[in-house]
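Q: Build the 3D model from these lines:
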Amino acid sequence: MVEIADAIVMVETKKEREMDTDEVREKAMAAREYCRHATNYMTANAGKPWRYVVIPHNAVQLSRGFATLANSFEHTVRA
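A: You can find the predicted model right below:
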């Protein structure tokens with residue numbers, strides 16, 4: 001989990017070759033559903049929305065900031 005100014009982000013890293021597997025897609029669907037429920041609760045109680053991001057392991061580099069990675073990969077895995 002990463003808390004940023006406008007959201008709480010559930011982050012996972014996966015091997016690039018595993019990004020399109022059934023297991024990752026199913027887990028992403030469950031995580032997005034969790035984030036949807038968490039967002040509903042948090043916004044009703046003056047909290048931040050939740051997001052879910054899966055990032056390929058080889059994309060994580062010191063030269064790339066978290067916001068860039070999160071925005072680049074938030075919708076990579078389709079449920």
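
Q: ok so Val24 is a helix residue?
A: Yes. Val24: assigned to a helix according to DSSP: H, G, I helix; E, B strand; the rest coil.

Q: what's the spacing between it and Thr68?
A: As judged by Cβ to Cβ, to the nearest Å, Val24 and Thr68 stand 21 Å apart. Bear in mind the C-beta positions are built from the backbone N, C-alpha and C, glycine included.

Q: and what of Met29?
A: 25 Å.

Q: again with Glu18
A: 22 Å.

Q: does the residue at minimal distance from the centre of the chain have beta-bridge partners, and which?
A: The centre of the chain sits closest to Val53, judged by Cα atoms, centre = their mean, with a distance of 1.7 Å. Taking DSSP bridges as the rule, Val53 bridges to Val11.

Q: Residue ranges in the chain under the pLDDT threshold?
A: 75-79 (pLDDT under 70).

Q: Just the buried residues of stretch 46-59, please?
A: Lys48, Trp50, Arg51, Tyr52, Val53, Val54, Ile55, Pro56 (16 or more other Cβ atoms under 10 Å).

Q: so how far is stretch 8-20 from its chain's centroid?
A: 8 Å (Cα atoms, centre = their mean, to the nearest Å).

Q: how long is that stretch from one end to the other?
A: 24 Å (Cα to Cα, to the nearest Å).

Q: residues making contact with it?
A: Applying Cβ atoms under 8 Å, 6 or more residues apart in numbering, the external contacts of stretch 8-20 come out as 1-3, 24, 27, 31, 34-35, 38, 42, 48-60, 70, 76-77.
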